[in-house]
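Undergrad: Sequence first, then the predicted structure:
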Amino acid sequence: MLFRQTLSADTSGAVRGVLWMVASSMFYALIYVVVRGLAETFDVNQIVFFRAVLGSTFMLPWLFAVGISALRTSKIGLYLWRMFFSYIGAVAWMYGIAGMPLADANALMFTMPLFTLVLAAIWLAERPGVHRWSATVVGFAGALIILRPGLIEISFAALATLFAAAAFSAALIGSKKLTATENPNAMVFYLYTLMIPCAAIGAYFNWTPPGLDDVPLLLALGLCTVGAQQCQTRAFRAAPASLVVIVNYVQLPLIALLGWAIFGQSTDLFTWIGAAVICSSTYYVSYREGRRAAEMTREKDREKDREAL
């Protein structure tokens, strides 16, 4: 009976995780479309500013409900670290979205877990094994398949997108440390609220007054931004990362379809092959990370059992 209850709970959690990640992927796909549409009118620095203001504003109902005490923290330095890399990553990411096919930009963004592994080895002194290093090399080879250096000119937008993936990976390292003790809603609120002054400086020099016609897209940007982060957070809490990562790959065909239907963009065979290589390698990295985390948890449990004896 206990086994059945445990199995049922695990299955229920997996289903919830999959559904949350599907919702998150849909929100992220819409963000690509909305940013591409806004980039026809606004500079990317201004779009980042709008995103920060709207993201912070949409979190105010939560703050009013729980009170200002929910924002108490002793880790403001980590919050600033996360905000800084998220800000420069967002600017570079939106340059990529504005300047290249949406599916290509999305495929290159899937290199994030690979950059995270490299940066964690440098900054956190983690020691990835040969399997994860090999998968990382293969993943970056997938990025080269998409970029095809020497065969076609590598655009600034493509380089900006890769830089964005690296910057977001640096922000993710800060997020991993924060999630151990911090409220997820507070993390979202701090991210966008702290980003507003930085984003305002960049927006000031290229400001275009928004009109009433821009309001629907701007509201969609804010809603999709908060929705994507909230759904993603809940997905990783409900199900194993190795399962959630697979579902996240639904972004690529969805974004390719939206890019074709709305902007008339086509996705070539090299992008699909490169994306398949990147997605396979990032899944393997996530799978190995999950196994490593599970082994560490089991070892801690065994140590507790030995101490109890």
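TA: Received the coordinates, thanks.

Undergrad: tell me the contacts of G17?
TA: Contacts for G17 (C-beta atoms under 8 Å, 6 or more residues apart in numbering) come out as 234-240, 243-244, 247. No exception for glycine: its C-beta is placed from N, CA and C like everyone else's.

Undergrad: Return the member of those residues nearest to M100.
TA: Taking C-beta to C-beta as the measure, M100 sits nearest to V247 out of the contacts of G17, at 24.9 Å.

Undergrad: Spatially nearest residue to that closest one, not counting backbone neighbours?
TA: Nearest residue to V247 in three dimensions, chain neighbours excluded: M21, at 4.1 Å (C-beta to C-beta, 6 or more residues apart in numbering).

Undergrad: residue contacts, that neighbour?
TA: 231-232, 235, 239, 244, 247-248.

Undergrad: Checking A186 next. Helix, strand or coil?
TA: Assigned by DSSP: H, G, I helix; E, B strand; the rest coil, the conformation of A186 is helix.

Undergrad: count of neighbours near it?
TA: 19 (other C-beta atoms under 10 Å).

Undergrad: Who are the contact partners of it?
TA: By C-beta under 8 Å, 6+ apart, A186 lies in contact with 70-71, 73.

Undergrad: ditto for V188
TA: With contacts defined as C-beta under 8 Å, 6+ apart, V188 is in contact with 55, 59, 226, 229-230.

Undergrad: Quick check: which ranges of the protein have low pLDDT?
TA: 1-13, 124-126, 128-129, 131-133, 140, 149-153, 240-243, 245, 285-309 (pLDDT under 70).

Undergrad: What segments of it are strands?
TA: For the chain, strands defined by DSSP state E do not occur.

Undergrad: Quick check: closest non-adjacent residue to the residue most central in space within the chain.
TA: Geometric centre of the chain, nearest residue: F168, 7.1 Å, by C-alpha atoms, centre = their mean. On the basis of C-beta to C-beta, 6+ apart, the spatially nearest residue to F168 that is not a chain neighbour turns out to be G89, at 4.2 Å.

Undergrad: Run a quick check on that neighbour versus L162, I expect a contact.
TA: No. When contacts are counted by C-beta atoms under 8 Å, G89 is not listed as touching L162 (10.9 Å).

Undergrad: higher neighbour count, the two?
TA: Neighbours per residue, other C-beta under 10 Å: of G89 and L162, the larger number sits with G89, 24 against 20.

Undergrad: Quick one: residues contacting the residue lying closest to I154 once chain neighbours are set aside.
TA: With C-beta to C-beta, 6+ apart as the measure, L147 is the residue that lies nearest to I154, at 5.3 Å, once sequence neighbours are left out. When the contact criterion is C-beta under 8 Å, 6+ apart, the partners of L147 are 108, 154, 158.
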